[in-house]
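1. Okay, predicted coordinates and the sequence, questions at the end:
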Amino acid sequence: MTYPKRWLIVPAAGIGQRMQAECPKQYLRIQSRFILDITLSRLLDALPFDGCMVPLNSSDDWWNETEASRDTRVSTCMGGEERADSVRAALQALSDKASPEDWVLVHDAARPCVHRADLERLVSTVGSHPVGGLLAAPVADTLKKGDKSTTPEVVETVDRKHLWRALTPQMFRFGMLVEALENARRNELSVTDESSALEIFGKIPVLVEGRPDNIKVTVPADLELADFLLNRSK
Ligand SMILES: Nc1ccn([C@@H]2O[C@H](COP(=O)(O)OP(=O)(O)OP(=O)(O)O)[C@@H](O)[C@H]2O)c(=O)n1
Ligand SMILES: C[C@](O)(CO)[C@H](O)COP(=O)(O)O
């Protein structure tokens, strides 16, 4: 019996506009290492994968300086306009080696703080689930909806019961993810994560509670936080 393979996609084709840095945020350094290298090494050291695909921006000038570019487990392809396009491109690049029933984990290059225990819990929980699922953190703050003015005023307090922050990795069957992302594209529906595409496709992913410190480095303050989180245990 051949077991389903396990593939890893790490979207790294963004430009990091919100970070307002001199380079795309995945190439900012923490303790002298590129964020992208930290993320890839934490994933590849934690779980066995049959292959790893990293979609890059067409104007990427940094990849060849990374540790990962010398890792034979890691391949690259051209990313796309949006994150979902980059993930679709990576799935296409893997399609000659992958089977529909294989698992694929998609994890943001900009999330370097992911913990091994969370990865193991995701795989063990989702591995027997018909659709797949994602790491997520229960919302712990009171949530306000603001109006659209430049100094937003409260419109309402949103009931946070049963609300979760979607994290990554998100883990789905290869074939189902391809179909779901293609369905979203064909219907011109913008999706910001893989789970949204599956939900639009009529599937019900499982939420796997993950650490809230699996942060996505997005704005300048996140860089200091990621540095602290990555180095507190040293
Ligand atoms: N066209 C895109 C856009 C984003 N990403 C990747 O998806 C992850 C999450 O996206 P986000 O945090 O939005 O990154 P950026 O798009 O770079 O950030 P910004 O929106 O601030 O430009 C990042 O690792 C980013 O590199 C990607 O592969 N392809
Ligand atoms: C995939 C994601 O990290 C889940 O929270 C998030 O949707 C990415 O959003 P971004 O705007 O592409 O950073």
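-> All right, it came through fine. The model shown is predicted, which means the values in this text are computed figures rather than measured ones. Ligands and ions are numbered 1, 2, ... in the order given.
2. Flag every residue of the chain that's near ligand 1.
-> 11-18, 26, 55, 79-83, 86, 108-110, 216, 218 (C-beta under 6 Å from any ligand atom). From N, CA and C alone the C-beta is placed, and that goes for glycine too.
3. mind redoing it with 5 Å?
-> Residues of the chain found near ligand 1 (C-beta under 5 Å from any ligand atom) are 11-14, 16-18, 79, 83, 86, 108-110.
4. Now for residue 175, how many residues are close by?
-> 16 (other C-beta atoms under 10 Å).
5. wait, is it part of a helix?
-> Yes: counting by DSSP: H, G, I helix; E, B strand; the rest coil, residue 175 is found in a helix.
6. Can you check the pLDDT for it?
-> Looking at residue 175, its pLDDT stands at 97.
7. Going forward, count from 744.
-> Yes, from this point I'll number from 744; that puts the last item at residue 918.
8. Once you drop chain neighbours, what's closest to it?
-> Counting by C-beta to C-beta, 6 or more residues apart in numbering, residue 843 is the residue found nearest to residue 918 once chain neighbours are left out, at 2.7 Å.
9. Counting neighbours, what do you get for that neighbour?
-> 13.
10. Which helix or which strand is home to it?
-> Using DSSP states H and E, residue 843 is not contained in any helix or strand.
11. I'd assumed residue 837 was in contact with it.
-> No: applying C-beta atoms under 8 Å, one finds residue 843 not in contact with residue 837, separated by 11.9 Å.
12. which residues do the two both contact?
-> Common contacts of residue 843 and residue 837 (C-beta atoms under 8 Å, 6 or more residues apart in numbering): residue 917.
13. picking that back up, now, of the residues of the chain next to ligand 1, which are buried?
-> Neighbour-count burial (16 or more other C-beta atoms under 10 Å) is assigned, among those, to 754, 755, 756, 757, 759, 822, 826, 829, 851, 852, 853.
14. Can you pull the poorly scored residue ranges out of this protein?
-> 744, 976-977 (pLDDT under 70).
15. what's around residue 770, how many residues?
-> 21.
16. separation between it and residue 921?
-> 29 Å (C-beta to C-beta, to the nearest Å).
17. Next up, the contacts around residue 970.
-> Residues in contact with residue 970, defined by C-beta under 8 Å, 6+ apart, are 773, 774.
18. If we use 7 Å, what do you get?
-> By C-beta atoms under 7 Å, 6 or more residues apart in numbering, the contact list for residue 970 reads residue 773.
19. now residue 876
-> By C-beta under 7 Å, 6+ apart, the contact set of residue 876 is 868, 869, 914, 948, 949, 950, 951.
20. Need the residues you listed in JSON lines (columns: neighbour count).
-> Below are the contacts of residue 876 laid out as JSON lines (neighbours: other C-beta atoms under 10 Å):
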{"residue": "868", "neighbour count": "16"}
{"residue": "869", "neighbour count": "24"}
{"residue": "914", "neighbour count": "30"}
{"residue": "948", "neighbour count": "23"}
{"residue": "949", "neighbour count": "17"}
{"residue": "950", "neighbour count": "17"}
{"residue": "951", "neighbour count": "21"}
